[in-house]
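Peer 1: dropping the sequence and predicted coords here.
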Amino acid sequence: MSPVPPVLAMEQVTQAYSHPRTALFRAPGTFTVLDCIDFHVHAGEAVGLVGESGAGKTTLTRILTGMEKPQSGRVLFEGADIWQAGPAERARFRRSVQMVLQNPRSSLDPRMKIGTALLEPMRSLRIDGNHLDRLTEVLGQVGLDTSALERFPHEFSGGQLQRIAIARALMPNPRVLVADEPVSALDVSIQAQVLNLLKDLVRDLGLSLVFIAHDLSVVAYTTHRASVIAGGRIVETGPPVELFTRPKAPQTQNLVSAVLTVNSGLSGNAL
Ligand SMILES: Nc1ncnc2c1ncn2[C@@H]1O[C@H](COP(=O)(O)OP(=O)(O)OP(=O)(O)O)[C@@H](O)[C@H]1O
């Protein structure tokens with residue numbers, strides 16, 4: 001029997017731009033943002049991708065979710081290349097891989113009631129039917145009730161809005177959630193609630209989670225396995241506890257000391 005392929009993967013992905021977006025006065029030349037990247041997530045697995053600003057995390061996310069085509073390499077959904085897929089397979093990929101973004105205030109339209117916002121993916125993905133039962137189900141999965149449906153985004157706290165953004169991502173019944181810095185815009189006091197919700201969804205629904213962040217501690221808390229990206233390359237992969245306790249690559253060591261510095265700063269303030 002052949003082994004089950006990862007639900008979502010990239011193989012040998014390279015992406016280069018003519019010059020970095022930030023370099024206003026630099027002469028044009030090729031700038032490699034991702035360099036021969038292999039990355040995958042299995043069904044029911046939570047995988048982290050951690051790296052400093054500019055490491056290539058957003059570019060990798062855009063390619064993994066099919067928003068951007070890589071210059072070379074392949075993106076595979078259930079073992080099939082998404083850029084070679086026919087319309088039906090492509091539609092299944094688009095339904096099955098959903099994103100949660102950093103800032104729920106900017107990802108939800110302030111003029112749109114929550115009920116309408118939650119139905120938006122069903123409309124854009126052309127999933128027909130009466131979705132009332134689904135609305136009740138996903139709100140329950142994120143710990144909210146149906147009274148949210150008639151309200152507007154400004155009536156909710158940041159943590160509740162991120163729950164709503166997660167509910168919206170769950171509406172099409174995806175297999176994979178790709179969460180790009182999902183707690184970095186939230187108060188520290190409510191970050192753990194959203195991290196726990198993501199962990200519960202992986203455990204209870206068998207979802208796969210790709211968790212992208214610059215903070216190794218939140219990735220370690222949420223995932224089974226994590227990769228460190230730096231300068232467009234994966235420099236280390238392993239169980240998060242290993243990365244924390246025995247970081248090998250210098251870039252991983254920097255991420256560990258960044259966490260330690262923040263924590264000692266916080267405890268210093270508390271004294
Ligand atoms: N479309 C583009 N054209 C040119 N350069 C780009 C483009 N997209 C990204 N870059 C550059 O590629 C590098 C990696 O960017 P990317 O946004 O993927 O990193 P990141 O790890 O997500 O950083 P951050 O955490 O700050 O968002 C940066 O130097 C960025 O300026």
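Peer 2: Done, it's in.
Peer 1: partner residues bridging the residue nearest the centre of the chain?
Peer 2: With distances taken as Cα atoms, centre = their mean, residue 179 lies nearest the centre of the chain, 2.0 Å away. Beta bridges link residue 179 to residue 100, residue 211 when assigned by DSSP bridges.
Peer 1: wait, it touches residue 99, no?
Peer 2: Yes - look at residue 179 against residue 99 with Cβ atoms under 8 Å: they come within range, at 7.5 Å. Quick note: C-beta positions are derived from backbone N, CA and C, even for glycine.
Peer 1: so what does whatever helix or strand residue 219 lives in touch, helix or strand wise?
Peer 2: In this structure, residue 219 sits in helix 216-222 according to DSSP states H and E. Judged by 3 or more Cβ pairs under 8 Å, 6 or more residues apart in numbering; DSSP states H and E, helix 216-222 is in contact with strand 46-50, helix 188-205, strand 208-213, strand 225-230, helix 240-245, helix 250-270.
Peer 1: after the shortest one, which helix or strand is next?
Peer 2: Per DSSP H and E, strand 46-50 leads on to helix 57-64 as the next helix or strand towards the C-terminus.
Peer 1: who in the stretch 101-250 of the chain is up against the ligand?
Peer 2: Contact residues (Cβ under 6 Å from any ligand atom) of the stretch 101-250 of the chain with the ligand: residue 214.
Peer 1: right, and the ligand sits closest to which residue of the stretch 101-250 of the chain?
Peer 2: Nearest residue of the stretch 101-250 of the chain to the ligand: residue 214, at 5.6 Å (Cβ to the nearest ligand atom).
Peer 1: which pLDDT does the model give residue 261?
Peer 2: On pLDDT, residue 261 comes in at 73.
Peer 1: how many neighbours does it have?
Peer 2: Residues lying near residue 261 (other Cβ atoms under 10 Å) number 10.
Peer 1: contacting residues around it?
Peer 2: For residue 261, the contact set (Cβ atoms under 8 Å, 6 or more residues apart in numbering) is empty.
Peer 1: give me the low-pLDDT residue ranges for the stretch 1-150 of the chain?
Peer 2: For the stretch 1-150 of the chain, the stretches with pLDDT under 70 are 1-2, 19-29.
Peer 1: where exactly do the strands run in it?
Peer 2: Under the criterion DSSP state E, counting those that start in this stretch, strands of the stretch 1-150 of the chain are mapped to 8-17, 31-41, 46-50, 72-77, 80-81, 97-100.
Peer 1: distance-wise, check residue 18 relative to the ligand.
Peer 2: Separation of residue 18 from the ligand (Cβ to the nearest ligand atom, to the nearest Å): 7 Å.
Peer 1: residue 182 contacts residue 161, correct?
Peer 2: No - assessed by Cβ under 8 Å, residue 182 is found out of contact with residue 161, at 11.4 Å.
Peer 1: comparing these two, which residue is more hemmed in?
Peer 2: Per other Cβ under 10 Å, whichever of residue 182 and residue 161 has more neighbours is residue 182, with 30 against 21.
Peer 1: ok, now how distant is that one from residue 225?
Peer 2: Going from residue 182 to residue 225 by Cβ to Cβ, to the nearest Å gives 18 Å.
Peer 1: check residue 219 too.
Peer 2: 10 Å.
Peer 1: any common contacting residues for those two?
Peer 2: Jointly contacting residue 219 and residue 225 under the rule Cβ under 8 Å, 6+ apart are 48, 240.
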